[in-house]
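Peer 1: What follows is a predicted protein model with its sequence.
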Number of protein chains: 2
Amino acid sequence: MYFYGNFSTMTRSEENYLKAIFHLGGLEHKAVSTNAIADRMETKPSSVTDMAKKLSEKGLVAYTKYKGVSLSKKGSQTALSVIRKHRLWETFLVDKLDFMWDEVHEIAEQLEHIQSEKLIDRLDAFLGFPKQDPHGDPIPSKKGEIQKEYKKLLADVPVATEGICVGVKNSSAPFLRYMDKNSMALGDTIEVLEKEEFDGSLQIKIRNKQIRISNDIATNLFIRPNE
Amino acid sequence: MYFYGNFSTMTRSEENYLKAIFHLGGLEHKAVSTNAIADRMETKPSSVTDMAKKLSEKGLVAYTKYKGVSLSKKGSQTALSVIRKHRLWETFLVDKLDFMWDEVHEIAEQLEHIQSEKLIDRLDAFLGFPKQDPHGDPIPSKKGEIQKEYKKLLADVPVATEGICVGVKNSSAPFLRYMDKNSMALGDTIEVLEKEEFDGSLQIKIRNKQIRISNDIATNLFIRPNE
DNA sequence: AATTAAAATTAGACACGTCTAAAAATATAT
DNA sequence: ATATATTTTTAGACGTGTCTAATTTTAATT
C-alpha cells in the first residue's frame, strides 16, 4: 500500500485515468468513451470499465453504462492539479536541467505524482511562475484555472511572429520525412516573414535560411510564439 | 531462470526494502533480522519474509531461513543508488527550493524512486556535485562509492570548529525540552569556542550567544562542520 | 426491421504486496 | 536439558489493478 500524503486518497492509477479523461473530454468535460480512454492509456477497455466504476463511486466522474464517463468538478480539479504538476516539472527539466523539450515527457509522467502541495508551490516560484510549459501548453494555476493554448498553428499567426516549433499536428511518416528533408526540426526557431493571401503559403526563416512552405505544411506545425 | 541482461526493473517496494537492509546492515552488509526490517519499515515480519525470498531470487540479497538477509553486491549497489537519489533530492529541496532541512525527508522518500539516470546526473551537476546532504550524510557517487559520515558529534570536533546542528542522537522528550529551554534548535550554527578537558564540557556560540554545555549534551548533538 | 459489426461490460483469473493466525525453528531461562 | 519465550516462517486471505474470453448492449448496414 502506498501513501503519498495524509489527506490524499488518490492513487497513481486514478490520477492517470483522470488526466486521460480530461484530455479527451476537453474543458467542457464532454463524455468520453471507454475505448478512447483505453487507446490513450494503452490499456484494455475492461480495465477502463473497472476504473470508471471506482472513480464514479468516489464522485470524480459521472458514469453511465455504455455511455462513457465525464469528469465532475472534483474530478477535473484533480486532473488539472496533476497536469499542473506535469507541466511545471517539464519546465523545470528544460529550464534548469537543460533537457531538450522533447525528452521530458516520460520523466514528468513520474514526477507529476509526487504529493506535496508545498513542493509544487515552491517549484512554481523557483521557475518564476511560468504560464506555459516547453511545449507551449498552458500551466493551470493553483486554483485550477487554465488559459487558452499558447501554442498555435503556424498558419494562424500573423506575419512577423517569431517562436519555437513545438509540435506537429499530424505526425505521419511522410510529414516527418518532409521536415527532415527541409532540415526543419522540432525545437527550431521559426520566423514568419511573409504570407501569401492567395494560397496561404508562407515565407519563413528557419535555421537562418529562408524557405517557402505551403499552407498544408503550415497547418500541421505548432509554434509557441515568443512573448 | 535465464535473463538477457538482468533488465528486471526494481519496484518501489523492493527499493525500500533494499534501502532499509542497507541502513541496518551497514557498509559491511551484515546480516539483518526479519524483525529489525519489519520494525524499521513499519510492516509485519511475514511481509519481510515474503520480500526476502523475492529479493533473493533476484540475486539482490543472500537469504537463509531463520538467519536473516544480507545484501549482495548488486543489492547494495541498488540501495546506494536509491540513497544517492534521496540525498540529492534533499539537497535540491533545501538549496534550491528553500525548504528547511527537517521537512524534506517525506518528499525525498517519494522522489528517490523516480527512474531516470540522466535526471539524476543532471540534478547532481545542477547542485554542483554536492558531497553531503543537508543532514550531513554523505551522498554516494554514481559508482556507488560512499564517504564516511560528514556529521560528527559535537563532542568529537576540535575547538574552533563551526558548523550547523543537523541532528540529535537521542531525541527523547527531556532532551528536546532542554534544547528548547536553551533556545537551541536544529539548523542553528554552532561554534565551539573552548573545551574543558576535565569534564568534557564545551563553551559554544549559538545564535550569537555564548553558553556552556555539558559533555552529556555534546555527545547527543550532531554537527555538520563547514568546509 | 433484421442482421451484422462495433463497443462496452461481466466473469473469472492473476501478480503484487500486504495482512492475520497458526506452526515451526531458534534462543533463553530455570 | 527441558520448558518457556521469542523469532521467523507458512498458509491462506484480501485489495488494487490488470488481463482474457465470453456476453450483452448499442450502432451501422442492408
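Peer 2: Thanks, I have it.
Peer 1: show me what contacts A:Gln77?
Peer 2: With contacts taken as CB atoms under 8 Å, 6 or more residues apart in numbering or on different chains, A:Gln77 has the following neighbours: A:Gly144. All C-beta atoms are positioned from the backbone trio N, CA, C, and that covers glycine.
Peer 1: Surely it is within a helix?
Peer 2: Yes: A:Gln77 forms part of a helix when assessed by DSSP: H, G, I helix; E, B strand; the rest coil.
Peer 1: quick one: it and B:Ser116, what's the gap?
Peer 2: 29 Å (CB to CB, to the nearest Å).
Peer 1: can you pull the buried residues of stretch A:111-127?
Peer 2: Buried positions in stretch A:111-127, judged by neighbour count with 16 or more other CB atoms under 10 Å in any protein chain shown: A:111-116, A:119-120, A:122-124, A:126-127.
Peer 1: DNA strand D: which of those is nearest?
Peer 2: A:His113 (11.3 Å; CB to the nearest atom of the strand).
Peer 1: which ones are touching the closest one?
Peer 2: Each residue near A:His113 by CB under 8 Å, 6+ apart is listed here: A:4, A:12, A:15, A:82, A:85.
Peer 1: Relative to B:Arg177, how far out is it?
Peer 2: A:His113 sits at a distance of 39 Å from B:Arg177 (criterion: CB to CB).
Peer 1: Strands of chain A, residue ranges please.
Peer 2: Listed in chain order, the strands of chain A (DSSP state E) span residues A:61-63, A:69-71, A:152-153, A:162-168, A:189-195, A:202-206, A:209-213, A:221-225.
Peer 1: Burial-wise, tell me which of these comes out on top.
Peer 2: The highest mean neighbour count among those belongs to strand A:69-71 (a mean of 24), with neighbours defined as mean count of other CB atoms under 10 Å in any protein chain shown.
Peer 1: ok now stretch A:21-38, how far from the chain's centre?
Peer 2: How far stretch A:21-38 lies from its chain's middle: 14 Å, per CA atoms, centre = their mean, to the nearest Å.
Peer 1: Do it and DNA strand C come into contact?
Peer 2: Yes: using CB under 7 Å from any atom of the strand, stretch A:21-38 reaches DNA strand C at A:33-36.
Peer 1: For PyMOL, write the select line for the buried members of those residues.
Peer 2: The following PyMOL command selects only the buried members of these, with burial defined by 16+ other CB under 10 Å:
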select buried, chain A and resi 34+36
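Peer 1: Could you pull out the buried residues of the worst-scoring helix or strand of chain A on mean pLDDT?
Peer 2: Across the helices and strands of chain A, the lowest-confidence element by mean pLDDT, DSSP states H and E is helix A:173-181, at a mean of 84. Residues of helix A:173-181 classed as buried: A:175, A:178-179 (neighbour count, 16+ other CB under 10 Å).
Peer 1: cool, and stretch A:75-93?
Peer 2: A:75-76, A:78-93.
Peer 1: Inside helices: which ones of those?
Peer 2: Residues from the buried residues of stretch A:75-93 lying in helices, with DSSP state H as the criterion: A:75-76, A:78-93.
Peer 1: How about the contacts made by the residue nearest the centre of chain A?
Peer 2: Ranked by distance to the mean C-alpha position of chain A (CA atoms, centre = their mean), the top residue is A:Asp137 at 5.4 Å. A:Asp137 makes contact with A:87, A:149-151 under the criterion CB under 8 Å, 6+ apart.
Peer 1: measure the residue sitting furthest away from the middle of chain A to DNA strand C for me?
Peer 2: In terms of distance from the mean C-alpha position of chain A, A:Phe198 ranks first, at 32.8 Å (CA atoms, centre = their mean). Here the criterion is CB to the nearest atom of the strand, to the nearest Å. By it, A:Phe198 lies 40 Å from DNA strand C.
Peer 1: Need phi/psi at that residue.
Peer 2: Here is the backbone geometry of A:Phe198 (degrees, to the nearest 10): phi -60, psi -50.
Peer 1: Look up the pLDDT of it for me, please.
Peer 2: On the pLDDT scale, A:Phe198 is placed at 93.
Peer 1: Contact partners for it?
Peer 2: When contacts are counted by CB under 8 Å, 6+ apart, A:Phe198 touches no other residue.
Peer 1: cool, and the one 3 residues further on?
Peer 2: Residues in contact with A:Ser201 (CB under 8 Å, 6+ apart) are A:195, A:212-215, A:218.
Peer 1: With adjacent residues omitted, what lies nearest to it?
Peer 2: Once flanking residues are discounted, A:Ser201 sits nearest to A:Ser214: 5.2 Å by CB to CB, 6 or more residues apart in numbering or on different chains.
Peer 1: Tell me which residues touch that neighbour, please.
Peer 2: Listed by CB under 8 Å, 6+ apart, the contact set of A:Ser214 reads A:199-201.
Peer 1: Closest one of the residues you listed to DNA strand D?
Peer 2: For the contacts of A:Ser214, the residue nearest DNA strand D by CB to the nearest atom of the strand is A:Gly200; the value is 32.9 Å.
Peer 1: Could you give the number of residues near the closest one?
Peer 2: Taking other CB atoms under 10 Å in any protein chain shown as the neighbour definition, A:Gly200 ends up with a count of 14.
Peer 1: contacting residues around the residue lying closest to it once chain neighbours are set aside?
Peer 2: On the basis of CB to CB, 6+ apart, the spatially nearest residue to A:Gly200 that is not a chain neighbour turns out to be A:Asn215, at 3.2 Å. Contacts for A:Asn215 (CB under 8 Å, 6+ apart) come out as A:155, A:199-202.
Peer 1: farthest pair in those residues?
Peer 2: When CB to CB is used, the two most widely separated members of the contacts of A:Asn215 are A:Ala155 and A:Asp199, lying 11.4 Å apart.
Peer 1: So which of those two has more stuff around it?
Peer 2: Neighbours per residue (other CB under 10 Å) separate A:Ala155 from A:Asp199, with A:Ala155 holding more: 20 against 9.
Peer 1: residues in contact with that one?
Peer 2: When contacts are counted by CB under 8 Å, 6+ apart, A:Ala155 is found next to A:200, A:202, A:215, A:218-219.
Peer 1: can you tell me how far it sits from A:Lys54?
Peer 2: 42 Å.
Peer 1: which bits of chain A sit near DNA strand D?
Peer 2: Within chain A, the positions near DNA strand D by CB under 7 Å from any atom of the strand are A:11-14, A:43-44, A:46-47, A:50-51, A:54, A:65-66.
Peer 1: Looking at the residues of stretch A:21-38 next to DNA strand C, spot the one nearest A:Leu27.
Peer 2: A:Ala36 (16.6 Å).
Peer 1: got a list of what the residue lying closest to the closest one once chain neighbours are set aside touches?
Peer 2: The shortest distance from A:Ala36 to any residue other than its chain neighbours is 5.3 Å, reached at A:Leu24 (CB to CB, 6+ apart). In this structure, A:Leu24 makes contact with A:30, A:32, A:36-37, A:40, judged by CB under 8 Å, 6+ apart.
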